[in-house]
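In: Fold the following and give me the result.
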Amino acid sequence: MSLGVLVILAFFALFVLGVPVAFAILLPAIAYILWEAIPLATVAQRTLYALDSFPLVAVPVFIFVGNLMNAAGITEKLFRFAEVLVGRLYGGLAQVNIFASLIFSGVSGAALADVGGLGRIEIKAMRDRGFPLPFAAAVTGASAIVGPIFPPSIPIIIYASVTSVSALQMLIAGIVPALVCVAMLMIAVALIAGRTGMPRAGRWPTLGELWLAFGPAAPALFAPVILIGGMLSGSFTPTEASAVAVVYVLGIGLFYYRAMNWAFIRTASVETVRSTAAILFIVAAASMLGWILAVEQVPQVVSAWFADLTTNPYMMLAIVNLIFFLAGMFIDSTTATLLLVPIIAPPVVAAGVDPVHLGIVVIFNLMIGTVTPPFGLSLFLLCNMTGLGFAQLVRAMVPLYPPLLMTLFLLTVFPEFSLFLPGMLR
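Out: Just a heads-up that it's a prediction; the model follows:
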């Protein structure tokens with residue numbers, strides 16, 4: 001058994017024992033360095049080198065944007081507009097929940113930001129209208145999957161930095177898949193509502209009511225338009241877009257909504273530092289482990305295994321789905337992307353799978369993992385927010401897994417969903 005395999009097994013053993021993810025990655029890597037008598041300075045060099053990445057600058061900045069929106073109460077305006085627009089559909093506020101997540105994802109770029117910020121408003125509103133608490137929480141968790149697919153997206157930026165794929169093409173590739181996911185969830189909720197008689201708005205809104213709801217939400221609604229339009233036009237890169245988003249959200253929060261002050265900004269800054277430190281610590285540690293696996297030629301072994309198993313790109317994508325679906329059930333998306341993508345991507349791309357298409361499939365798998373037991377992060381956050389038991393929440397999630405899996409199937413089998421818009425940029 002090679003040392004590379006032993007390092008991976010040591011990581012999983014430490015992870016199962018409850019060691020924090022970053023240390024579970026870093027400790028086996030340091031043990032390898034000591035065993036091979038490699039200078040300890042290599043640890044500092046490799047970990048810091050991983051953070052010397054221009055695309056990764058967007059990660060803390062987009063986290064800051066999401067925190068600013070939550071602190072300033074902008075998410076409430078978005079939810080109110082979504083409620084007026086789609087509240088009449090079968091499912092009522094459950095449909096609003098899904099649609100509002102799509103809107104919010106155009107600025108936040110993270111599933112947990114959606115759950116922790118917009119989710120609190122959504123769950124309270126659904127409870128006040130008579131929806132069962134477990135169902136409200138389940139819809140919130142399922143709809144939050146859209147956030148990391150629709151641009152801007154922190155997981156997509158991390159994937160692009162790992163694979164050296166264009167971050168712009170990856171971000172644009174997520175637009176159609178996110179819309180497909182929203183459509184599937186809304187259809188599923190409508191079917192559930194038709195069977196159970198969920199409450200909905202008594203009538204469709206008038207144009208005047210739509211306008212009144214649109215006015216307060218308009219500046220926030222234009223944020224994704226400005227970001228996506230700017231990236232498509234070449235006015236700024238995805239990383240620069242994150243800085244534009246901060247300036248824009250600060251501007252509307254301070255001068256349009258007048259709901260933001262220095263205390264809010266300080267709170268958002270502190271939360272951003274905490275979240276960023278956790279993510280980038282994992283990025284740095286995973287880079288060290290990735291270097292060791294490269295030295296031990298683990299990617300080449302996996303490539304040979306794939307080649308012996310099949311050369312059919314669809315069969316390879318089926319294996320990728322299985323690997324990343326299982327990975328998403330146990331480890332967070334950042335760790336899974338950093339550890340597995342450098343190993344899995346080369347043979348799959350060599351078989352003819354477009355790396356952009358592969359990225360969307362990988363990330364969607366990992367996002368499903370955030371609402372899948374035993375270690376779905378969104379599930380734990382929702383349990384903490386609502387006081388629900390873990391098993392109770394998982395039972396409520398069961399009717400929402402089929403639309404998510406159907407979306408995954410469509411994204412896997414029809415690469416056009418991911419490649420149509422990026423193809424227009426090439």
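In: and the host helix or strand of residue 168, what other elements does it pack with?
Out: Assessed by DSSP states H and E, residue 168 sits inside helix 167-173. Where contact means 3 or more CB pairs under 8 Å, 6 or more residues apart in numbering; DSSP states H and E, helix 167-173 is packed against helix 154-163, helix 207-233, helix 238-251, helix 355-369, helix 416-423. All C-beta atoms are positioned from the backbone trio N, CA, C, and that covers glycine.
In: Using CSV, lay out those helices together with mean neighbour count and distance to residue 303.
Out: Formatted as CSV, the helices and strands packed on helix 167-173 follow (neighbours: other CB atoms under 10 Å; distance: least, CB to CB, whole Å):
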stretch, mean neighbour count, distance to residue 303
helix 154-163, 26, 15
helix 207-233, 16, 33
helix 238-251, 20, 29
helix 355-369, 25, 14
helix 416-423, 19, 23
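In: wait, which of these is closest to residue 341?
Out: Residue 341 sits nearest to helix 154-163 of all those, at 5.2 Å, using CB to CB.
In: Report the inter-axis angle for that closest one versus helix 238-251.
Out: Here helix 154-163 runs at an angle of 160 degrees relative to helix 238-251 (axes from the mean of the first three to the mean of the last three CA atoms, to 10 degrees).
In: got a list of what the closest residue to residue 135 other than its chain neighbours touches?
Out: Distances taken as CB to CB, 6 or more residues apart in numbering place residue 396 nearest to residue 135, at 5.3 Å, with adjacent residues excluded. Counting by CB atoms under 8 Å, 6 or more residues apart in numbering, residue 396 touches 132, 134-135, 137-138.
In: List just the nearest of these to residue 377.
Out: Nearest to residue 377 among those: residue 137, at 14.0 Å, using CB to CB.
In: Quickly note the distance from the closest one to residue 6.
Out: In this view, residue 137 and residue 6 are 41 Å apart by CB to CB, to the nearest Å.
In: I figured residue 336 hits residue 324, correct?
Out: Yes. Look at residue 336 against residue 324 with CB atoms under 8 Å: they come within range, at 6.6 Å.
In: Between those two, which contacts overlap?
Out: Here residue 336 and residue 324 share the contacting residues 366, 369, scored by CB under 8 Å, 6+ apart.
In: re earlier: okay, residue 137 and residue 6: which has more neighbours?
Out: More crowded of residue 137 and residue 6, by other CB atoms under 10 Å: residue 137, with 30 against 15.
In: Residue 119 and residue 147 touch, don't they?
Out: No. If you go by CB under 8 Å, residue 119 and residue 147 don't touch, sitting 10.6 Å apart.
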